[in-house]
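Novice: Structure for this input, please:
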Amino acid sequence: MRQDEDVLASTGWHEGRDVESEALSAVFRAVALVEPAPDAASWMLFPAAKQALRSFHGLRSRPVGPGRDVAPTGWVIDPVLVRHAGPPLSRLAETTGSLLFPLGRTDADAILAVDEEGRLFSIDHGGQWHLGDTVREGLAALAEGRAPTRIAARRWAWTFSSPSGEPLVDVIRTALVAVYVLHLRQVFSARHLRLTVTPLRGIAPVALDRAVPLPGGSLEESAVPLAATMEALIKTEGVTTRGAELKVEVPAPRNATAPQSSVSCAVRTGHLANTPATVELCLTAGAGASVGRLRTAVLACSKDLARQTSALPAA
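Specialist: Model prediction:
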């Protein structure tokens, strides 16, 4: 018997449990008891939600023991108890890019919900949490006191000195490394870079903000022509780079999904008056990229970029 099966067996759950009539009755009551709101979407019972309710509806767990990582939490599966959870679940759905359906609540009054991929989430006063890649895994994690994953934006940053003494060229080369890493890890394939020039070390209004398409061919051979293109833009716009922050961003393409579109890399220099040749590489990922395959890919990107920058001169 799997460990999570053993934990859930104490609640009355077993492999193959199916309480379809009770589960669907609870869904109808939950929907009927919610007064329609002008901007609120009605609950959609997608297959993963229906399966979860048929398997777990009506079960209740009480916390036992000290917990593996955190204090264990009791829970009850009944969508009627969280029928008014539309607004917070809608916000979480926008973050993850996946529909959610309310399942029940914890003893601490956290909302439990399942998404279209069958993952279990919770929302409480402390934030939004990913409990497990399956409902069974998530419920067992609550009962055992396993630490959940917070759904939150993340940021990584690395600094180094300009290796060539040509800050714009080094910024572009670093941005192209980020383009390669994001493509390699299947986060997205960038189509362009975005150049911004901001006077007064980045605190004045932006003087130049322009998208520059990536040329075809090898990324290694793209740095020099991209630098020439960007230098020409700066000259044409009559923008001074003296005492200004130069930043080149690697944004997601326009057709990227909600979680993917929150991921980007930015490389900047000139933002520090005492060390103007310092280059900073930053990887950012929105809350939606903190779960599932995208989370794994972004973490792999952070490790790849850390290795790349560790070989460069320290700032």
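
Novice: And the helices in the stretch 51-200 of the chain, which stretches?
Specialist: 86-96, 135-144, 167-184, 199-202 (DSSP state H, counting those that start in this stretch).

Novice: Quick check: which of the ones you listed has the most neighbours on average?
Specialist: helix 135-144 (a mean of 23; mean count of other C-beta atoms under 10 Å). Glycine gets a C-beta too; all of them are placed from N, C-alpha and C.

Novice: How about residues contacting that helix?
Specialist: The list of residues contacting helix 135-144 from outside it, by C-beta atoms under 8 Å, 6 or more residues apart in numbering, reads 3-5, 7-8, 11, 52, 55-56, 61, 63-64, 67-68, 72-75, 77, 103, 106, 112, 114, 118-121, 131-132, 146, 148.

Novice: Now, of the residues you listed, which are buried?
Specialist: Neighbour counting with 16 or more other C-beta atoms under 10 Å marks 4, 7-8, 11, 52, 55-56, 61, 63, 67, 72-75, 77, 103, 106, 112, 114, 118-121, 131-132, 146, 148 as buried within the contacts of helix 135-144.

Novice: circling back: in a markdown table, list the helices of the stretch 51-200 of the chain along with mean pLDDT and distance to Ser261.
Specialist: Output for those, formatted as a markdown table (pLDDT from 0 to 100; distance: least, C-beta to C-beta, whole Å):
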| stretch | mean pLDDT | distance to Ser261 |
| --- | --- | --- |
| helix 86-96 | 90 | 12 |
| helix 135-144 | 96 | 26 |
| helix 167-184 | 95 | 12 |
| helix 199-202 | 94 | 24 |
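
Novice: Enumerate every residue touching the nearest residue to Val114 once chain neighbours are set aside.
Specialist: Leaving aside its sequence neighbours, Val114 sits nearest to Ala52 (C-beta to C-beta, 6 or more residues apart in numbering; 4.8 Å). Ala52 sits next to 103, 114, 118, 135 when contact means C-beta under 8 Å, 6+ apart.

Novice: got the residue ranges for the strands in this protein?
Specialist: 60-61, 75-77, 100-106, 111-115, 120-124, 127-132, 149-150, 154-161, 192-198, 208-213, 245-250, 264-269, 278-285 (DSSP state E).
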